[in-house]
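[1] predicted structure and sequence below. I'll ask about it afterward.
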Amino acid sequence: MDPSRSLQGRGALLSSSVHAAAGVLVVVVVLLLLTLLRLPLSISRHAASTVADQELSQPSCDPTSPLDCADPQLFHLMMRSAIDAFPAVHFSRFGRPVPGDPPSASCDMAWRARSDSDSPSKATSKDYRRFAIARDPHTCAYSVLYIGDYHSGPNARKPRRAATIAPPPPPSLSHSQFAQGAYLAYLGGGDRCKPMPHYLRSLLCALAEARYLNRTLVLDLTLCLAASYDDAGTGPMPEEGKRLAFYVDVEHLHSQGPIIEESQFWADWDKWGVQGQLGARLIEDTRLAPMKFSKARDTLLVRKFGDVEPGNYWYNVCEGEAKRVFRPLRRAIRWAPNLMRIVDDIVSRMQADFDSVHIGANGEHLSRRIEEGVDGGRQVYVAGAGVNTTLLEALKVKFGVHYLDEYEDLWGTDSKWFLEMKRLNGGVPVQFDGYMREVVDREVFLKGKKKVEVLR
């Protein structure tokens, strides 16, 4: 046996033992230090785990997902942005933001405010704007890119009361209910197929007499308008079959005095009145003042109008002696809610303050009058019959000119107005006729801050 072999093996063994002992000592010292310092046993593993957890919890955003417009942070950002963007505006109240269009990139918000240029009355006006919102794809932080123009955020607009063309028909009266009533009916007359101002004058007269006599007015809620109100303004025949509710707020009309629809009344009269159980009085002299029969006890009073114009117009009843006792009923006429909705929509598409110009049969010197009558840089709405659209388009180069035909989408065949009117008219389309145009045109003109008349 080679003696050196055992010595070499022992040396290796001793060396390993020494190293092992040293290693154990180092571990013991490290453990002791960690225990004394209360440090985690595996620092590197813990650090790696923490970094991984942070990466997994890091938020991320999908820019195509709908915005949470109800988020309080976004609400406050929009308020601050509005205050910073309009330093001359004194805000009094902000409404809660709602999703805009597209909902993934915008929110609409309404507010009430007063500007420095407003009157000293401190009255506030309402506006609603669209805010274009951006989101950081890594941090989800919001930022406002821009704020839209006046009334650019319609989704934040307070819902209106549903527009109605006429109140629901009242329930049928019983014999006792009908017999307890007192009625006034107008028979005949030359008021059909006349211009609307003529018809409304006669209607107000009939309402005034019915109120004075404390009677329910028997009224035909259909009418015939003059041919000049057809779509082209050149129709050869008057237009029958129009309903009063196309033009007038009939619900408000009912609130000014009791009215019963003519067809309903005569159906009830045929059941009960013609049997002699209820009294009726015929008044053929339309010059007879209502004071002469104000104490009549008859259930029905009928004014019969002749065939000779102009003496057979209803409004003649309110002249002479009667004129001194009738109360004015001008406020009884309000335009139909559906028409006024078109007016509001046109105004909402313009600046908060705009000027308006009304022209006569032609637009001579229109450009000069606009320069003289309105402030520079302001939008101008031009109203009136026979507007020369070619001239107005030319004026757009110099002025912010607008006119009714620009907004024909508001009464087109796919508009809310058209669909609502068709539904309420039993499925039959309703034409946006000349008088409707006249009403809308005039009402938009009246909403101008500065109004200028340009006559021939």
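    Received it, and whenever you're ready, just let me know what you need. Residues are numbered from 1 along each chain as shown.

[2] from now on I want contacts and neighbour counts done on CA atoms only, so please keep to that.
    Will do.

[3] quick check: domain ranges of the chain?
    According to automatic domain parsing, the chain comprises the domains 72-156, 175-332, 337-454.

[4] mind checking those for the one nearest to residue 65?
    domain 72-156 (5.3 Å; C-alpha to C-alpha).

[5] what about the closest one, how long is it end to end?
    Distance between the two ends of domain 72-156: 16 Å, counting by C-alpha to C-alpha, to the nearest Å.

[6] now stretch 368-383
    Length of stretch 368-383, first residue to last, C-alpha to C-alpha: 16 Å.

[7] how far is that stretch from where the chain is centred?
    26 Å (C-alpha atoms, centre = their mean, to the nearest Å).

[8] quick one on the thing from earlier: got TSV for the domains of the chain, with distance to residue 62, mean neighbour count and mean pLDDT too?
    Converted to TSV, the domains of the chain look like this (distance: least, C-alpha to C-alpha, whole Å; neighbours: other C-alpha atoms under 10 Å; pLDDT from 0 to 100):
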stretch	distance to residue 62	mean neighbour count	mean pLDDT
domain 72-156	7	17	85
domain 175-332	48	16	87
domain 337-454	33	17	84
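
[9] need these in TSV with distance to residue 64, can you?
    Output for the domains of the chain, formatted as TSV (distance: least, C-alpha to C-alpha, whole Å):
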stretch	distance to residue 64
domain 72-156	5
domain 175-332	44
domain 337-454	28
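
[10] which of the ones you listed sits closest to residue 63?
    Closest among the domains of the chain, using C-alpha to C-alpha: domain 72-156, at 6.7 Å.

[11] what's whichever helix or strand residue 209 is part of packed up against?
    Secondary structure assignment for residue 209, by DSSP states H and E: helix 196-213. When contacts are defined as 3 or more C-alpha pairs under 8 Å, 6 or more residues apart in numbering; DSSP states H and E, helix 196-213 packs onto strand 216-219.

[12] after the strand it packs on, which helix or strand is next?
    Downstream of strand 216-219, the first helix or strand assigned by DSSP H and E is strand 222-225.

[13] and that next one, C-alpha only, in CSV?
    The C-alpha coordinates for strand 222-225 follow below in CSV (Å, rounded to 0.1, in the frame of the first residue of the first chain):
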residue,chain,number,x,y,z
THR,A,222,-110.5,71.1,-37.3
LEU,A,223,-110.1,74.1,-39.5
CYS,A,224,-109.5,75.1,-43.1
LEU,A,225,-106.6,77.4,-43.9
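
[14] residue 175 contacts residue 269, doesn't it?
    No - counting by C-alpha atoms under 8 Å, residue 175 stays clear of residue 269, with 9.8 Å between them.

[15] quote the end-to-end distance of stretch 371-382.
    Chord length of stretch 371-382, first to last residue, is 13 Å (C-alpha to C-alpha).

[16] actually, stretch 394-404.
    16 Å.

[17] need the residues that contact that stretch.
    Identification of contacts with stretch 394-404 by C-alpha atoms under 8 Å, 6 or more residues apart in numbering yields 367, 376-383, 392-393, 441.

[18] change it to 6 Å
    Contact with stretch 394-404 is made by 379-382, as judged by C-alpha atoms under 6 Å, 6 or more residues apart in numbering.

[19] equivalent analysis for stretch 314-334, please.
    Taking C-alpha under 6 Å, 6+ apart as the rule, stretch 314-334 contacts 202, 205, 248-249, 253, 289.

[20] as JSON lines, those with distance to residue 187 would be great.
    Output for the contacts of stretch 314-334, formatted as JSON lines (distance: C-alpha to C-alpha, whole Å):
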{"residue": "202", "distance to residue 187": "13"}
{"residue": "205", "distance to residue 187": "14"}
{"residue": "248", "distance to residue 187": "22"}
{"residue": "249", "distance to residue 187": "24"}
{"residue": "253", "distance to residue 187": "20"}
{"residue": "289", "distance to residue 187": "17"}
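
[21] out of those, which one sits closest to residue 312?
    For the contacts of stretch 314-334, the nearest to residue 312 is residue 202 (10.7 Å; C-alpha to C-alpha).
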